[in-house]
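> Sharing a model that was predicted from the sequence below.
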Amino acid sequence: MLQHKEVCIVNSIGHLAFLYRYADLVWVGGGFTRSGIHNIIEPAVFGLPVFFGPNFSRFREAEEMIACGAAQSETNPEALAKQWQDEKALAQQGQNAKSYVLQQLGATEKIIAYLAEKCFCNKA
């Protein structure tokens, strides 16, 4: 099944945000390095199922996205290939990713409210 799919491997900076909209699913790099995974929110914005390697423990959003079924960490190629063939499960994972992103909205308002209270309050 996977042999009939198109694959795009990007090894440059600044292009991914423009390419995610064309994807059906995304493998995010960095999960096999000590520094950990790259940005998983960018593909989730497009409602894409997100996969990555095992080094994600420093990233709160990875933990949260796994917990809500929006992302997966996988190291077994056979298991990964099987998961990628389950279109219904991938669609649900993509919906979960989009829902996760929408639930995170409002950071700007929270930051402004915090700054207004802690830094810019009128201490007369």
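Cool, got the structure.
> For the rest of this, base every contact and every neighbour count on C-alpha atoms.
Noted.
> tell me the phi and psi of L16?
phi -60, psi -40 (degrees, to the nearest 10).
> if I look at it, how far off is I111?
27 Å (C-alpha to C-alpha, to the nearest Å).
> who has more neighbours, these two?
Between L16 and I111, counted using other C-alpha atoms under 10 Å, the more crowded position is L16 (15 against 11).
> which residues does F51 contact?
Each residue near F51 by C-alpha atoms under 8 Å, 6 or more residues apart in numbering is listed here: L25, V26, W27, V28, A71, Q72, S73, E74.
> Just give the nearest non-adjacent residue to the fifth one, would you?
Here the nearest residue to A71 in space, its sequence neighbours aside, is V50; by C-alpha to C-alpha, 6 or more residues apart in numbering that works out to 4.7 Å.
> Now for the most centrally placed residue in the chain: which residues touch it?
For the chain, the residue nearest the mean C-alpha position is I40 (2.6 Å; C-alpha atoms, centre = their mean). Going by C-alpha under 8 Å, 6+ apart, I40 touches V28, V50, E61, A62.
> can you do 7 Å?
Neighbouring residues of I40 by C-alpha atoms under 7 Å, 6 or more residues apart in numbering: V28, V50.
> Below-threshold pLDDT in the chain: ranges please.
1-3, 122-124 (pLDDT under 70).
> For the residue nearest to the centre of the chain, give its distance to L19.
Applying C-alpha to C-alpha, the value for I40 to L19 is 14 Å.
> Mind naming the longest helix for the chain?
Using DSSP state H, we find that the single longest helix of the chain is helix 87-103.
> Let me see the residues that make contact with that helix.
Contacts with helix 87-103, where a contact means C-alpha under 7 Å, 6+ apart, come from A44, V45, F46, G47, L48, P49, M65, C68, G69, A70, A71.
> farthest pair in these?
Distance extremes for the contacts of helix 87-103: the farthest pair is F46 and C68 at 16.5 Å, using C-alpha to C-alpha.
> quick one, which of those two is more surrounded?
Between F46 and C68, counted using other C-alpha under 10 Å, F46 has the larger neighbour count: 20 against 13.
> How many neighbouring residues does the closest residue to the more buried one other than its chain neighbours have?
Nearest non-adjacent residue to F46, counting by C-alpha to C-alpha, 6+ apart: R21, 6.2 Å away. Neighbourhood size, R21 [other C-alpha under 10 Å]: 15.
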